[in-house]
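1. Provided below are the primary sequence and the corresponding predicted coordinates.
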2 protein chains.
Amino acid sequence: MTKPHDSREAEDPSAGLGARRAAILEAVVAEYIGTAIPVGSSHVANAPGVHVSSATVRSDMAALEQEGYLVQPHTSAGRIPTDKGYRFFVDHLAEPGVLGTAQRLKVRRFFDQVHGEMEELLEHASGLLSELTSCAAVVMGPSHESAWFRSVQLVGLSPRLALLVVVLSDGAVEKRSIELAEDLSDELLAEVTTELARRLSGRPLSEVDQLIAPPAAKSPTFGVVFDAAARALGEIVRPGEVDQVFVGGPSRLADAFDAMETVRSVLSILEQQLVVVTLLRDVLDSGLSVAIGAEHGYQPLASCAVVVAPVVIDGRDGGAVGLLGPTRMNYPQALAAAHVVGEGLSERLRDPVGGRSR
Amino acid sequence: MTKPHDSREAEDPSAGLGARRAAILEAVVAEYIGTAIPVGSSHVANAPGVHVSSATVRSDMAALEQEGYLVQPHTSAGRIPTDKGYRFFVDHLAEPGVLGTAQRLKVRRFFDQVHGEMEELLEHASGLLSELTSCAAVVMGPSHESAWFRSVQLVGLSPRLALLVVVLSDGAVEKRSIELAEDLSDELLAEVTTELARRLSGRPLSEVDQLIAPPAAKSPTFGVVFDAAARALGEIVRPGEVDQVFVGGPSRLADAFDAMETVRSVLSILEQQLVVVTLLRDVLDSGLSVAIGAEHGYQPLASCAVVVAPVVIDGRDGGAVGLLGPTRMNYPQALAAAHVVGEGLSERLRDPVGGRSR
DNA sequence: GCTGGCGCTCGGTAGACTCGAGTGCCAAAC
DNA sequence: GTTTGGCACTCGAGTCTACCGAGCGCCAGC
């Protein structure tokens, strides 16, 4: 039945489904992504790769439903892809996906024109990505994991308040204020700064604990200040500091779903940066570039799909870009866009900031 | 007629409307805020301050509609307050408004426990505010307008890349990367740093132009680096850098309106920080603490109300907090919440960062 | 194994009807 | 002359019906 070993192109794209059923599934997914209307057999009947009568399509569709690739919202309505259906689509069916020329132009212009600090770069990238795809976009900056201390400085702000400013090798600047009961002389701050710099400069963040451990008490006040600075340093480096995340175009979610409740819950997820980061990391770590529906474990996002692309800097983890949309999102385009922007960021962050032109 | 000089409390709250009509308006607004259902005469008939028959209420309501305080969505439906009605309500009718004990507790706990840098403080404050009011909240940090340079430093990141790190007197840290065609020696960077520090330390931001104007060319390379740094400095200080804005709880807008389109457009406004800042500043500058419907000029927010409260640090502008919700928001509560959080921030930013406990 | 045809299911829409909340007006009462 | 109760009217919302059409499953025939 259904050509179990169809010779035409049974190997890759059909992947155990039979070429025609695969083509039918593809057509259903493609149409549903475009229209959001359950698609019926006659709409599919003469899609490329199908070309049989609607009756035949019907029987194949019934089989596809049996196997869990499609569902009917109600008896005698068209079919809608299930998560499994989308999964098969992205794994075996979807063409690599290519950006339109207009979009490619946008990307090029973006990476040509953008300038400024990494934060701006990432933020704007999230905007770009959301614009390209009409989804909400997430851009996650590189973690400072493998960075080292480049500069440490204590700056007095007022008699009893100082600011610890740390510059990392990747260009990140972190700060933490230190409040003390005693007045701080500029000399003392300079002394502590020198000592901190001596110990930390050039050392990796991971060693911070050993580096600040033994309080080199030259004088009591020195010890107090040094301790406070060390504590602040610990807070800076500690992973409590969530990696930088930028969410672009969340408002686009409003017309991606039709149930207000869904919109609300997805938006509120996006507000929790920690969750977003974890989600993206989880998906990346599982080796996927797309997570559909319940594939990631997050209940509230069960009606969403997530597309991710890593950012790689000199072979190391440099963050990621992601897209969040309804499961019926345009996967090929989303993947292409995420990929392109991810690549662009990788490149830009490798030979680092600063415009190649203006 | 309508007790023209009712001795009970005819002076303030009625403000030209007659005590009973004012009471009726108040009752309508209060009820509509609570239920979002057009309110009919009988619901109002025995509200406090009214106590007349529904027929009388009807005639008063007709008059109030005539004068533009109320509208009927359709003939023979209840009445809904107009923007003018809300305005009258907040100006003359609404009781000062008081937070519930639970909410007051939340605020207290927040300001007791919060710690960390200003950015975190403001971000969390926006979360708090949105939680208190179930509206989207905006918190705007102080502008650096009247700050002065506290520290300037050039840090080399790679042979041709340096980072300019500026610490301002208010504890803000800004950075900008500088890319040059020539290799940068640490000595050169130190030289430029010294020169920059010499010129800038202690001087107000506003003078930046004069301070960096004459390139003190000790050597050609020095001049190049100095110029680049000066340019970067200009970019840092330039108002292009939008004041820091934090938006809290935008997802709450999803159930504040029932038209998806409204949600979408309001959300997309909130994404544009510049617009948000301008909006808040406009409202503040116009001397109001509430802008209802079209009172601020922003078309897309015509169905919203904005509540603002300034943050004042030592008598100077220290930013603002704001709330954005539907025009039928709970004004007394929103005003109270904004006020309390604004005050809290003012206090916390005055005797600055650092937890009073931990 | 594919096809066309037939009968069936159901969601969605349109019209008729009812119900109830609410209004406006008016004559009577205080 | 303000307030009141009463009365007729309006209109939205909900319910019921009928109908249409998209779509399905099944089946006999090619």
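-> Yep, that arrived.
2. C-alpha from now on. contacts and neighbour counts both.
-> Will do.
3. quick one: secondary structure of the residue in the stretch 251-358 of chain A that DNA strand D sits nearest to?
-> Distances from the stretch 251-358 of chain A to DNA strand D, computed as CA to the nearest atom of the strand, single out A:R328 as the nearest residue at 17.3 Å. In three-state terms, and counting by DSSP: H, G, I helix; E, B strand; the rest coil, A:R328 is coil.
4. then A:S146?
-> The assignment at A:S146 comes out as coil when based on three-state DSSP.
5. wait, isn't it in contact with A:E207?
-> No: the pair formed by A:S146 and A:E207 falls short of the contact definition of CA atoms under 8 Å, at 10.6 Å.
6. look at those two and report which has more neighbours.
-> Summary of the neighbour comparison: A:S146 and A:E207, criterion other CA atoms under 10 Å in any protein chain shown, with A:S146 having more neighbours (14 against 11).
7. which residues touch that one?
-> If you count contacts by CA atoms under 8 Å, 6 or more residues apart in numbering or on different chains, A:S146 has them with A:P204, A:L205, A:S206.
8. let's see that with 7 Å instead.
-> Remark: with contacts taken as CA atoms under 7 Å, 6 or more residues apart in numbering or on different chains, A:S146 is in contact with A:P204.
9. got the phi/psi numbers for it?
-> A:S146 has phi and psi values of phi -100, psi 20 when expressed as degrees, to the nearest 10.
10. tell me which helix or strand of chain A sits lowest on mean pLDDT?
-> Using mean pLDDT, DSSP states H and E, the weakest-scoring helix or strand in chain A turns out to be helix A:208-212, at a mean of 75.
11. mind listing what's buried in that helix?
-> Neighbour counts using 16 or more other CA atoms under 10 Å in any protein chain shown place A:V208, A:L211, A:I212 of helix A:208-212 among the buried residues.
12. so what's the gap between it and the chain middle?
-> In terms of CA atoms, centre = their mean, to the nearest Å, the centre of helix A:208-212 is found 32 Å from the chain centre.
13. now swap in stretch A:206-225 and tell me
-> From the chain centre to the centre of stretch A:206-225 is a distance of 38 Å (CA atoms, centre = their mean).
14. surely A:D258 forms part of a strand?
-> No: with three-state DSSP as the criterion, A:D258 is assigned coil and is not in a strand.
15. quick one: low-confidence ranges for chain A?
-> Screening chain A residue by residue with the criterion pLDDT under 70, one finds the ranges A:1-15, A:213-218, A:239-242, A:351-358.
16. which bits of it sit near chain B?
-> When proximity is defined by CA under 7 Å from any CA of the partner chain, chain A lies next to chain B at A:116-117, A:157, A:163, A:169, A:171, A:176-179, A:251, A:254, A:260, A:263-264, A:267-268, A:354.
17. weed out the non-buried ones from these.
-> A:116-117, A:157, A:163, A:169, A:171, A:176-179, A:251, A:254, A:260, A:263-264, A:267-268, A:354.
18. can you give me the neighbour number for A:A55?
-> A:A55 has 12 neighbours, counted by other CA under 10 Å.
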